[in-house]
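> everything below, folded, please.
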Amino acid sequence: MKIAFEIIKTTKRTDESIDYKTIVFKLVLEKIIDLDSSRDLGALFEALVDGGAVKILLDMTGLEYIDSMGIGTVISSAKLVRKKRGDVVMIGVTPDLDKIFRVVNLHRVIKMFDTEDEALNFFRYV
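A predicted model of the protein is given here:
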């Protein structure tokens with residue numbers, strides 16, 4: 001599994017401390033999330049949340065396949081973030097993945113947006 005990582009600042013920092021409510025962590029998922037790679041993804045989520053992340057954006061544009069273990073990891077990770085009063089959202093869900101996500105009702109658990117701007121606008125209220 002290959003993941004590109006980006007930090008998006010939604011406001012300018014005015015002091016030396018980090019306000020995690022103003023930072024969105026963007027994970028660009030690529031290729032495949034299966035049994036093996038979902039463990040790595042889960043560990044990454046835990047590290048982010050333990051470090052203070054409360055806003056995580058999953059870019060699924062490059063994701064070609066996700067199995068049930070991967071979907072379970074995404075759901076578990078969203079629950080973990082929500083315990084910290086944050087949220088996880090997705091963008092770039094391909095039509096093939098959307099069909100799978102709708103069958104398992106993932107769209108009811110995790111919000112999906114068409115664009116990054118829409119997702120960032122949502123995070124302003126989280």
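
> could you use CA atoms for every contact and neighbour count after this?
Will do.

> do a quick rundown of the strands in the chain.
Here the chain has its strands, by DSSP state E, at 2-9, 23-33, 55-66, 87-91, 111-113.

> in its sheet, what does the one helix or strand in the chain whose mean pLDDT sits lowest sit against?
Across the helices and strands of the chain, the lowest-confidence element by mean pLDDT, DSSP states H and E is strand 2-9, at a mean of 72. In the sheet, strand 2-9 lines up against strand 23-33 (antiparallel) (DSSP bridges).

> could you report the distance from residue 32 to residue 66?
Shown here: residue 32 relative to residue 66, a distance of 6 Å by CA to CA, to the nearest Å.

> quick one: low-confidence ranges for this protein?
Applying pLDDT under 70 to the chain flags the ranges 1-2, 10-17.

> any idea which residue sits dead centre in it?
Among the residues of the chain, the one closest to the centroid is residue 58, at 3.3 Å (CA atoms, centre = their mean).

> let me know whether that residue touches residue 28 as I believe.
Yes - using CA atoms under 8 Å, residue 58 is in contact with residue 28, at 6.1 Å.

> which residues touch residue 68?
Applying CA atoms under 8 Å, 6 or more residues apart in numbering to residue 68 gives the contacts residue 34.

> from residue 35, how far out is it?
Relative to residue 35, and taking CA to CA, residue 68 is found at 8 Å.
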